[in-house]
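Peer 1: Task: produce atomic coordinates for the following.
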Amino acid sequence: QVQLVESGGGLVQAGGSMRLSCAASGNIFRVGNMGWYHQAPGKQREAVATIGVRGSTNYADSVQGRFTISRDNAKNAVYLEMNNLKPEDTGVYYCSAFVATLTSDYYPAWGQGTQVTVSS
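Peer 2: Sure thing, here's the model as predicted:
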């Protein structure tokens, strides 16, 4: 079993900053691509940012230039630095990682989500 645990959510005013963290633990053999996803109230979950094993990144247009994703391969962790936050950034943020264990090929593991609320 592999667990992803997010932390760092909360309430922030518009224009503020917040940093999310996510660490994977368990019977991990390798970790592939990692990413952060955003689910706004009443909407579908959408990709915010992804990062490859060697650090290549992709961002949604809505967060380009404001959010930065990074990872620490030694810790099996991924981070999301969010700056100039807007009310539309409000929602639950989930981290995800493609993980392989000693007994399974790569599969997508998900965290439980952390709430981010941006007040105007």
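Peer 1: So what's the residue count around residue 78?
Peer 2: Using other Cβ atoms under 10 Å, residue 78 has 29 neighbouring residues. For the C-beta atoms, the positions are set from N, CA and C on the backbone; glycine is no exception.
Peer 1: just residue 9 next, same as before
Peer 2: With neighbours defined by other Cβ under 10 Å, the count for residue 9 comes to 18.
Peer 1: swap in residue 7?
Peer 2: 13.
Peer 1: so what's the most centrally placed residue in the chain bridging to?
Peer 2: The centroid of the chain falls nearest to residue 36 when counting by Cα atoms, centre = their mean (2.6 Å). Note on residue 36: beta-bridge partners by DSSP bridges are residue 49, residue 95.
Peer 1: Was I right to think it contacts residue 82?
Peer 2: No - at 9.3 Å, residue 36 does not count as touching residue 82 under the criterion of Cβ atoms under 8 Å.
Peer 1: can you pull the contacts of the residue nearest to the centre of the chain?
Peer 2: 20, 22, 47-50, 69, 78, 80, 93-96 (Cβ atoms under 8 Å, 6 or more residues apart in numbering).
Peer 1: Same question for residue 30.
Peer 2: Taking Cβ under 8 Å, 6+ apart, one finds 99, 100, 106 in contact with residue 30.
Peer 1: Nearest to residue 118 among those?
Peer 2: Nearest to residue 118 out of the contacts of residue 30 is residue 99 (Cβ to Cβ; 30.3 Å).
Peer 1: so where does that closest one fall, helix or strand?
Peer 2: Assigned by DSSP states H and E, residue 99 belongs to strand 91-101.
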